[in-house]
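Colleague: okay, predicted coordinates and the sequence, questions at the end:
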Amino acid sequence: MNTMKSIIALLAAKLLGTRGVAPATSLPPKGWLDDEEDALVPPRRLWQNPSESVSHYYRWVWEYLAYLTLLCGLERESDVLELGCSHGRTAHGLTQYLRHGGSYHGIDIVREQIDEANARILPGRPVFTFLHADIYNRHYNPSGQERAESYRFPFESRAFDVVYAASVFTHLLPAETENYLRETRRVLRPGGRALFSFILLDHYRGSGTTTSPRYELEFTLPDEPDVRVRDPKYPDDLIAYSIASLERMTAAADLVIVRILKGLWSGSPGLAVNEQDLVLLAPR
């Protein structure tokens, strides 16, 4: 197990250094892969950015396998829930890791992504399940019948050892974040862990200092002095919380912050992992 962790850590470190985005070409996006691996990669039209390089796609795959094993203690027989699973971009990394006795459940609001993940990943992998959450979102599910601030995860209490989300809380307003934290606590087992990516205001050093203009956070959310957004007209485009506000919300959900790992987005000096900040949580 220690050898496997070392290999995963080396892969994550190598991939973290690959930050470029290749221009779109007429070449097959994954023609260098063998048939088995090729079948696990979704078509480019479903990628968040269809012009990104294959190496950038694989950052999601290997980084999150490393995070979940090294930070959350995810075992091969663990039960894991992913919020906002997209087309299975991080689940891909777990296909050769999880085995009988463990399980993966992913939920997402985009039905096409869920349908594609079910068709691509499920055959021959009975421990994986992808579910559509019919939650309203003006961009991705405008006909959704449920609201994030009241959505109940469709699982029994204490069903999971690990709950994680990549770039979900960066689009959730305070009431929605509070609900997702409560639901996370409900479905976590004693001793479980949750790993969520956030944009944390404490790491923001002002306009022009971030790795991309999309991380500019110059507007305070009304009545929320510890919350800033990129676009006040569409606050869910990108939302950032102070650590103090996050501590209040996690405490109210009966969770405790175990560790915060700074992300690359802020351009701040020192240790950084992932693009966004990572927050590791545990039940109180």
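Modeller: That came through, no problem. Residues are numbered from 1 along each chain as shown.
Colleague: where along the stretch 1-150 of the chain do the helices fall?
Modeller: For the stretch 1-150 of the chain, applying DSSP state H, counting those that start in this stretch gives helices covering 2-16, 35-38, 54-70, 111-121.
Colleague: for these, which has the smallest mean pLDDT value?
Modeller: When the helices of the stretch 1-150 of the chain are compared on mean pLDDT, helix 2-16 scores lowest, with a mean of 43.
Colleague: remind me which residues of the stretch 101-250 of the chain are low pLDDT?
Modeller: Using pLDDT under 70 as the threshold, the predicted model of the stretch 101-250 of the chain has no low-confidence range.
Colleague: go ahead and flag the most central residue of this structure.
Modeller: Using C-alpha atoms, centre = their mean, the residue of the chain that lies closest to the mean C-alpha position is Ala166, 0.9 Å off.
Colleague: neighbours of the closest residue to that residue other than its chain neighbours, just the number please.
Modeller: The shortest distance from Ala166 to any residue other than its chain neighbours is 5.4 Å, reached at Ser197 (C-beta to C-beta, 6 or more residues apart in numbering). For glycine as for every other residue, the C-beta is placed from the backbone atoms N, C-alpha and C. Here the count is done by other C-beta atoms under 10 Å, and Ser197 has 24 residues near it.
Colleague: next one: Ala165
Modeller: The number of residues near Ala165, taken as other C-beta under 10 Å, comes to 22.
Colleague: renumber starting at 541 from here on
Modeller: Understood, numbering begins at 541; the last thing we discussed is Ala705.
Colleague: ok, it to Glu756 distance?
Modeller: The span separating Ala705 from Glu756 equals 23 Å under the rule C-beta to C-beta, to the nearest Å.
Colleague: again, but for Arg687
Modeller: Distance, Arg687 to Glu756, using C-beta to C-beta: 28 Å.
Colleague: which one's more surrounded, those two?
Modeller: The residue with the greater number of neighbours, taking Arg687 and Glu756 and applying other C-beta under 10 Å, is Glu756; the counts read 17 against 12.
Colleague: tell me the contacts of that one?
Modeller: Contacts for Glu756 (C-beta atoms under 8 Å, 6 or more residues apart in numbering) come out as Ser747, Thr750, Arg770.
Colleague: give me the residues contacting the longest strand seen in the chain.
Modeller: Determined from DSSP state E, the single longest strand within the chain is strand 728-738. Here strand 728-738 makes contact (C-beta under 8 Å, 6+ apart) with 607-608, 611-613, 698-710, 724, 780-781, 786, 795, 798, 803, 814-823.
Colleague: check contacts around Glu686.
Modeller: Contact partners of Glu686, counting by C-beta under 8 Å, 6+ apart, are Ala673, Asp674, Ile675, Tyr676.
Colleague: can you count the residues close to the first one?
Modeller: In terms of burial, Ala673 registers 20 neighbours under the definition other C-beta under 10 Å.
Colleague: I'd like to know how far it sits from Asp648.
Modeller: Applying C-beta to C-beta, the value for Ala673 to Asp648 is 7 Å.
Colleague: with the last one instead?
Modeller: Between Tyr676 and Asp648 the distance is 14 Å, computed by C-beta to C-beta.
Colleague: pick out whichever of these two has more residues nearby.
Modeller: Using other C-beta under 10 Å, the more surrounded residue of Tyr676 and Asp648 is Asp648, with 24 against 15.
Colleague: surely that one touches Gly624?
Modeller: Yes: with contact taken as C-beta atoms under 8 Å, Asp648 and Gly624 are classed as touching, separated by 5.7 Å.
Colleague: roughly how far apart are Leu605 and Asn719?
Modeller: For Leu605 relative to Asn719 (C-beta to C-beta), the value is 28 Å.
Colleague: more neighbours: which of the two?
Modeller: The residue with more neighbours, out of Leu605 and Asn719, is Leu605; 22 against 19, by other C-beta under 10 Å.
Colleague: who's in contact with the more buried one?
Modeller: Leu605 makes contact with Ile548, Thr630, Gly633, Leu634, Tyr637 under the criterion C-beta under 8 Å, 6+ apart.
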